[in-house]
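[1] Everything below, folded, please.
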Amino acid sequence: MKYLYYLYQLVIALPILLVVTVITTTVTTVGSLCGFAKFWAFYPARVWSWLMIRVLLLPVHIEGKENIDSKTSYVFVPNHQGYFDIFLIYAFLGNPFRWMMKKSLRKMPLIGKACEAGGQIFVDKSGPKAIQRTYAEARNILQGGISLVVFPEGSRTFTGHMGIFKKGAFQLADELQLPVAPITLNGPFDVLPRTAKTPFINWAPLSITFHPAIYPKGKGKEYEQATMEEAYKAVMAGLPKERQGYVKNEDQ
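    Predicted structure coming up:
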């Protein structure tokens, strides 16, 4: 069965998804450059991500969507299991948002250009001033009524377990007094783990759990730390028992 699925990926899924990717990145880039990036940077990618998951025949379970208000700006903080995290969030979150992503992703063919045109935030860690510019850009987006998605672990897991959370997303939320919305992703590590030795996708169920948002109770480092700890516990609790517990990532 596994090899039939691999054959399906090569003969049917890959050609479809390559065409869809080219169309999506082109539409996103041209549409964003022409104006109203709030629409073009989100909705084409949402359709693209939904098609990626459906064409690959991956089942999805969604839980807690009632915890998210479509009219509220959030700082979303999901765990980072693999590349399919991106498709899950785009396809099923629903709230227009921007990513805070690694600067190196700007170099990806087609996708990097589309992300740049759509106003995604590339994290520049070359020095303190560059980091401050990144945060300033994120502040402008959040104040404009759009949400932000940040992987607070900073990198994909090697084991399926969570690493530590870094403070950047929580500092922004604290400064702007915005709610932090924890998200637990399950399955992307099984579908395409970071340690995969082949480009083939493994069939596995995916799930996305939206936990209740954590609203500001005050301002300052004490509240920022408390929010980060509460968010970490919420995301961790949504993982299966065999993947709960902290495991250090080599590149954190």
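[2] Where does the prediction get shaky in the chain?
    125, 127, 252 (pLDDT under 70).
[3] mind listing the helices for the stretch 51-200 of the chain?
    84-92, 111-117, 128-143, 168-176, 188-191 (DSSP state H, counting those that start in this stretch).
[4] To Val11, which of these lies closest?
    helix 188-191 (19.2 Å; Cβ to Cβ). To be clear about C-beta, it is placed using only N, CA and C from the backbone, and glycine gets the same treatment.
[5] Following the closest one in sequence, what is the next regular element?
    strand 206-210 (DSSP states H and E).
[6] I'd like the next helix or strand past that following strand.
    helix 221-237.
[7] the inter-axis angle of that following helix versus strand 206-210?
    Relative orientation of helix 221-237 and strand 206-210, computed by axes from the mean of the first three to the mean of the last three Cα atoms, to 10 degrees: 150 degrees.
[8] From the rest of the structure, what touches helix 221-237?
    77-79, 152, 162, 165, 167, 170-171, 173-174, 180, 182-184, 211-212, 214, 216-217, 244-245 (Cβ atoms under 8 Å, 6 or more residues apart in numbering).
[9] partner residues bridging Tyr246?
    Met162 (DSSP bridges).
[10] show me what contacts the residue nearest to the spatial centre of the chain?
    Computing the C-alpha centroid of the chain and ranking residues by Cα atoms, centre = their mean puts Ile86 first, at 4.6 Å. Contacts for Ile86 (Cβ under 8 Å, 6+ apart) come out as Ser49, Trp99.
[11] so what's Gly212 up against?
    Careful, residue 212 is Pro; it's not Gly. Gly64, Asn67, Ala234.
[12] Compare those and tell me which is most surrounded.
    Ala234 (20 neighbours; other Cβ atoms under 10 Å).
[13] how near is that residue to Val77?
    9 Å (Cβ to Cβ, to the nearest Å).
[14] Among the contacts of Pro212, which one lies nearest to Arg98?
    Asn67 (20.6 Å).
[15] Do I have it right that the closest one meets Phe210?
    Yes - Asn67 is in contact with Phe210 according to Cβ atoms under 8 Å; the separation is 4.9 Å.
[16] Counting neighbours, what do you get for Leu4?
    8.
[17] how about it, secondary structure?
    Assigned by DSSP: H, G, I helix; E, B strand; the rest coil, the conformation of Leu4 is helix.
[18] Tell me which of the helices of the stretch 51-200 of the chain lies nearest to Gly35.
    Taking these one by one with Cβ to Cβ, helix 111-117 is closest: 11.2 Å.
[19] Mind giving me the packing neighbours of that closest one?
    Using 3 or more Cβ pairs under 8 Å, 6 or more residues apart in numbering; DSSP states H and E, the elements in contact with helix 111-117 are helix 14-34.
[20] Residues touching the helix it packs on, excluding its own?
    37, 39-41, 44-45, 47-48, 51-52, 55-56, 110-111, 113-114, 117-119.
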